[in-house]
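Colleague: Any chance you could fold what I've pasted below:
(one chain, ligands or ions: 3)
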Amino acid sequence: MKNDIKEILLTEEQIKTKVAELGAQISKDYKGKDLIVICILKGATPFMADLIREIKIPMAIDFMAVSSYGVSTQSSGVVRILKDLDTGIENKDVLIIEDIVDSGLTLKYLLENLSSRKANSVKVCTFLEKTERREINVIPDYKGYDIPNEFVVGYGLDFAEKYRNLPYIGVLKPEIYS
Ligand SMILES: O=P(O)(O)OC[C@H]1O[C@H](OP(=O)(O)OP(=O)(O)O)[C@H](O)[C@@H]1O
Ligand code: HPA
Ligand SMILES: [Mg+2]
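Modeller: Ligands and ions are numbered 1, 2, ... in the order given. Sure thing, here's the model as predicted:
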């Protein structure tokens, strides 16, 4: 696995520090609110697992699975719901947890979909953002790091379902996918 990585972009240490900062900010901002965090499967699972342990206020979790990449480094442009939420979000303060906002297509779809369910608020926390590649103007409320326009893997992010278990964020060697 390691031989397929061109460069480490974010180390385990950098990830840990940023997740703690985000958790502290979210705990402050959502104090007294009815917070539900929604993990977008599968990529956001490691981030979500780390982040919720840095959130020090009462909260609930739920999961939604959407997919648009498949075996490609380019979005198919079609976002499909593979699993919906188990619970209603009416009157709740929803925080969508994403690993990455790249073209913005997934997030746009999620925001439109979840905003129609009468939540009190719907906000977004993403660990990574590729602002350079944005096709759609969606702005995350909380963000870990801005990264350059390269296909990255690790810390939940995959290429063809592999590399999600790397503990850091790395740039995949182009010969792996071309
Ligand atoms: O901004 P976008 O260009 O839409 O890309 C971001 C989305 O793509 C990835 O999901 P993917 O469809 O690969 O599913 P996965 O999380 O199961 O890997 C990632 O986890 C985001 O949800
Ligand atoms: O750079 C990426 N890596 C893995 N999955 C992704 N989904 C959108 N962008 C990426
Ligand atoms: Mg993926």
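
Colleague: Quick check: residue 68 touching residue 104?
Modeller: No - counting by C-beta atoms under 8 Å, residue 68 stays clear of residue 104, with 11.2 Å between them. For the C-beta atoms, the positions are set from N, CA and C on the backbone; glycine is no exception.

Colleague: Which of the two has more residues huddled nearby?
Modeller: residue 104 (21 against 17; other C-beta atoms under 10 Å).

Colleague: Give the burial count for residue 111, as a bare number.
Modeller: Using other C-beta under 10 Å, residue 111 has 16 neighbouring residues.

Colleague: if I pick the closest residue to residue 150 other than its chain neighbours, what's in contact with it?
Modeller: Leaving out its chain neighbours, the residue that sits closest to residue 150 by C-beta to C-beta, 6 or more residues apart in numbering is residue 171, at 4.7 Å. Shown in contact with residue 171 (C-beta atoms under 8 Å, 6 or more residues apart in numbering): 5, 6, 7, 9, 150, 151, 152.

Colleague: Let's see that with 7 Å instead.
Modeller: Contact analysis of residue 171 by C-beta atoms under 7 Å, 6 or more residues apart in numbering lists 5, 6, 7, 9, 150, 152.

Colleague: Helix or strand: which one has it?
Modeller: Using DSSP states H and E, residue 171 maps to strand 169-172.

Colleague: same question, residue 15
Modeller: Short version, using DSSP H and E: residue 15 is in helix 12-29.

Colleague: can you pull the buried residues of that helix?
Modeller: Using 16 or more other C-beta atoms under 10 Å as the test for burial, helix 12-29 gives 15, 18, 19, 22, 23, 26.

Colleague: ok, then the element right after it?
Modeller: Using DSSP H and E, the helix or strand that follows helix 12-29 towards the C-terminus is strand 35-41.

Colleague: Okay, now the sheet partners of that next one, with direction.
Modeller: Taking DSSP bridges as the criterion, strand 35-41 sits next to strand 60-67 (parallel), strand 93-101 (parallel) in its sheet.
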